[in-house]
Each structure stands twice: as C-alpha cells, then as structure tokens.
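Peer 1: how would this look folded up:
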Amino acid sequence: MVQESFKATVIPQPGPARDFRGLDQLAWLMDRAIRIPGTRITVGLDALLGLLPVGGDFLTGLIQSAIVLLALYRYPVPRAVAARMAANVLLDTALGAIPIVGDVFDVFFKANTRNVKLLQQLQDDRNRQRETTTWRSVAYLVFLAMALITMLVMLLVGFITMVTWLLHRLY
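Peer 2: Prediction:
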C-alpha cells in the first residue's frame, strides 16, 4: 500500500492556449464586417466580392483557401477537421458561384467563421482532455458530398433538357 503512494502520477496538463485572434479577425473581415442597417444580418468581403461576375467568387475562394492553409500550417489539426474546413470553403465557393442564389448563400453561410469555430472547438476539446469526435465531421462530409452530387446531377439534367428543347425547336 505504501508503494502505491510512490507511483509516478501523470496529471495531463492542457497545452498552451492557442490564440486565434488573427484568424478570427480575417474571418470577421470576410464574413461579418458590415451590418445591414435595420437588421441583424452582417456581411463581409466574401459576400461583396461574390457580387462580381466570375472573378469575385474565384477571388474569395482563393482567400478562404489561404486562410485554411494558414490555419493548417499554424495549428495541429486532425485530418477529419481539416477536411471539414476544406469542405466549408468548397461549398461556399461552389454555391457562391451560382448567380443570385449564391449571393444569398454567401450572406448566411460564413465559411471562414465556421472554420475558426472548428479550430476553437478543437482547442476546447484538447484543453478538456476529450477526444475530438470525428463522427460529426464524417457525417458532414457525407452530407456535403451527397448535396454536391445532387446539385451536379440537377445541373446536368437541366443542361440536357435545355439542349433537347433547343434541338427540337430548331428541327
């Protein structure tokens, strides 16, 4: 019994708190910098640049990708969380490219803010010595893949229908 008191006890200490202030400021600028008067809705450069035809969504996609790459470089992130962050950017960029619908989507989705929250949640889990759950990330990625495939199928069906209609009209 006395020997047990001399056993080495390792008390896990939380790692140093990560400061996400810089990334949070970039997310704020891209997603929530401007409040629409008379509402609680905020927009950022992502929604504003997305209004520019073609190049706006490409530019915001590059900026969002750079933010994710910076986060992955600076902070140790599990693959499932990294994939979820990349999926947020992909979804925001792909749907943001659709005229009008994509612009409305950009106002409400806020991919950069979601990605910073993922990093903060990961840090909180690590500080509490909880294992980071990957089932939410996997479920999200499966849902996202199904949604993107459905969208592509709908676009393909629409394209084929339009071409068929044009061909019947011409001949």
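Peer 1: Could you use CA atoms for every contact and neighbour count after this?
Peer 2: Fine.
Peer 1: and the helix or strand where Met85 lies, what does it pack onto?
Peer 2: Secondary structure assignment for Met85, by DSSP states H and E: helix 79-96. With contacts defined as 3 or more CA pairs under 8 Å, 6 or more residues apart in numbering; DSSP states H and E, the secondary structure elements packing on helix 79-96 are helix 55-74, helix 101-109, helix 111-127, helix 135-170.
Peer 1: Pull the contacting residues for the residue most central in space within the chain.
Peer 2: Geometric centre of the chain, nearest residue: Asn88, 2.5 Å, by CA atoms, centre = their mean. Asn88 makes contact with 111, 114-115, according to CA atoms under 8 Å, 6 or more residues apart in numbering.
Peer 1: now do 6 Å
Peer 2: For Asn88, the residues meeting the contact criterion (CA atoms under 6 Å, 6 or more residues apart in numbering) are Ala111.
Peer 1: sorry, back to before: and the angle from the helix holding Met85 to helix 135-170?
Peer 2: Regarding helix 79-96 and helix 135-170, their directions subtend 30 degrees when assessed with axes from the mean of the first three to the mean of the last three CA atoms, to 10 degrees.
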